[in-house]
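S.K.: Structural data only, the sequence is not supplied:
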């Protein structure tokens, strides 16, 4: 459901209240695009929930953010966080809520999980993660939706090990959209290849010339072929399905 349908006048940093539409904010769970995420207690349903608070919205992005959040409510896609409701508080502070995907310790992102493992995943673990991200992206692209560059800190890992991309579609909606659809798709899939590289090597892909000999010794031909094409700025993949 969506509350207070007016477009908010949000151009400055907002003070975050303790209670948002019956949801009591209990503790922060890191940052998200244009704001922060919170573990909250839904006082009506008596259950934990995840609340995104967009307290750093520039005026130029307010209208796009509000419209995009409204279009996300109730949409169910594989490996994507589904928003249950969105709204705005007095003064223009926008928020969105979803089922809580964390545990008693908080919300775990893919980046935090990689860091906790010394910066590296095994080849099998990296493969499972990338399959899930490509599945999410392919389904969204099939519906005509593009997110933009994906980041491992915007991917939540549930207690069961399932990956969920949060706020899918928001990145492109609130940024400069001069990039055409085909190029945006290619950039998004390329960013998944970047994530794969970081999971496998613990380094940025800009250093791949240094680390590629080591990677070649640890990966099979299919993995290498996929990585090399995905990271190639001139070639890349036209879509997640490809």
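M.R.: Happy to help now that I have it. None of these values were measured; they are calculated from a predicted model. Numbering: from 1, shown residues only.

S.K.: Look up which residues are beta-bridged to residue 48.
M.R.: Counting by DSSP bridges, residue 48 forms beta bridges with residue 41.

S.K.: any idea how far it is from residue 25?
M.R.: Distance, residue 48 to residue 25, by C-beta to C-beta, to the nearest Å: 12 Å. No exception for glycine: its C-beta is placed from N, CA and C like everyone else's.

S.K.: between those two, what contacts are shared?
M.R.: The contact sets of residue 48 and residue 25 overlap at 39, 40 (C-beta atoms under 8 Å, 6 or more residues apart in numbering).

S.K.: what sits against residue 126?
M.R.: Contact partners of residue 126, counting by C-beta under 8 Å, 6+ apart, are 196, 199, 200.

S.K.: Now intersect those with the strands, please.
M.R.: Using DSSP state E, no member of the contacts of residue 126 sits in strands.

S.K.: From the residues you listed, which one has the minimum pLDDT?
M.R.: Least confident entry in those, by pLDDT: residue 200, with 88.

S.K.: Run a quick neighbour tally on that one.
M.R.: Residues near residue 200, counting by other C-beta atoms under 10 Å, number 23.

S.K.: how close does the nearest residue to it once chain neighbours are set aside get to residue 227?
M.R.: Nearest-residue entry for residue 200: residue 126, 5.2 Å, with adjacent residues in sequence omitted and distances by C-beta to C-beta, 6 or more residues apart in numbering. Per C-beta to C-beta, residue 126 is found 10 Å from residue 227.

S.K.: on that earlier part again, redo the contacts of residue 126 as a markdown table? Include distance to residue 156.
M.R.: Below are these laid out as a markdown table (distance: C-beta to C-beta, whole Å):
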| residue | distance to residue 156 |
| --- | --- |
| 196 | 18 |
| 199 | 15 |
| 200 | 21 |
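
S.K.: Quick check: neighbours of the longest strand along the chain in the sheet, parallel or antiparallel?
M.R.: Longest strand in the chain by number of residues (criterion: DSSP E): strand 23-32. On the basis of DSSP bridges, the sheet neighbours of strand 23-32 come out as strand 19-20 (antiparallel), strand 35-42 (antiparallel).

S.K.: Just say which of those is most tucked in.
M.R.: A comparison of these by mean neighbour count, using mean count of other C-beta atoms under 10 Å, puts strand 35-42 on top with a mean of 21.
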